[in-house]
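# can't give you the sequence, but here's the structure:
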């Protein structure tokens, strides 16, 4: 479960960039014919540890994207990014999608595909190894990736919980 203390309170001072992850054309069949609308899943982030996702639905693509961005700005979380990568391994599941994130050394790059790549780059992670198993549905992949990032604990949090110094967390002595 995500920590309540990693929620972002205000978006006023953040420079958020939005990325369109996926767009679906949805058809509703009525007696008058077919009615088309669009559903867009969008990720926003400041590329410095803040991320959010949103789903927008509208009759036009641009309106759906705009609604998705507004929704994403309402549920931002803060993620600990340590030297361009994640602090520890993390697995998560949402629906039929299972993901696994692993820290990578500097220069590795973002080894992830599709929806996971958009989320990881938006949060500001530059080096990570990622694997998705099961469903490749972009909605579930985005939600699973955000869930995994929400579970991340910074080295400072781990040290505080254990009652030791940050150096002892890394060295183990």
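Here it is on my side, so go on. Note that the structure is predicted; figures quoted are calculated from it, not measured.
# Buried residues in stretch 108-128, which are they?
Under the neighbour-count criterion of 16 or more other CB atoms under 10 Å, stretch 108-128 has 110, 112, 115-128 buried. C-betas here are computed from N, CA, C, even on glycine.
# right, and out of these, which lies closest to residue 138?
Ranked by distance to residue 138 (CB to CB), the buried residues of stretch 108-128 are led by residue 115 at 4.2 Å.
# Residue 42 is in contact with the closest one, correct?
No - between residue 115 and residue 42 there is no contact under CB atoms under 8 Å: 11.2 Å.
# Can you list phi and psi of residue 126 for me?
Dihedral pair for residue 126: phi -110, psi -20, per degrees, to the nearest 10.
# gap between the residue nearest the centre of the chain and residue 58?
Centroid-nearest residue in the chain, with CA atoms, centre = their mean: residue 146, separated by 3.6 Å. Per CB to CB, to the nearest Å, residue 146 is found 23 Å from residue 58.
# if we can go back for a sec, which residues do residue 115 and residue 42 both contact?
Here residue 115 and residue 42 share the contacting residues residue 21, scored by CB atoms under 8 Å, 6 or more residues apart in numbering.
# Could you check the pLDDT of residue 87?
For residue 87, the pLDDT comes out at 88.
# An error on my part: the question was meant for residue 12.
Reported pLDDT for residue 12: 64.
# For this protein, name the helix or strand with the lowest mean pLDDT.
Ranking every helix and strand in the chain by mean pLDDT, DSSP states H and E puts helix 166-171 at the bottom, with a mean of 72.
# May I see the buried residues of the helix or strand residue 91 falls within?
For residue 91, the enclosing helix or strand under DSSP states H and E is strand 90-94. Neighbour counts over strand 90-94 (16+ other CB under 10 Å) mark 90, 92, 94 as buried.
# Who are the packing partners of it?
strand 97-103, helix 138-150 (3 or more CB pairs under 8 Å, 6 or more residues apart in numbering; DSSP states H and E).
# Just list the residues touching residue 99, thanks.
Counted by CB under 8 Å, 6+ apart, residue 99 has contacts 91-93, 116, 130-133, 141, 144-145, 148.
# So which of those residues is the closest to residue 83?
Nearest to residue 83 among the contacts of residue 99, counting by CB to CB, is residue 130 at 17.2 Å.
# so what's the closest one closest to, chain neighbours aside?
Excluding its sequence neighbours, the residue lying closest to residue 130 (CB to CB, 6 or more residues apart in numbering) is residue 112, at 3.6 Å.
# Got phi/psi on residue 47?
For residue 47, the backbone dihedrals (degrees, to the nearest 10) come out as phi 60, psi 30.
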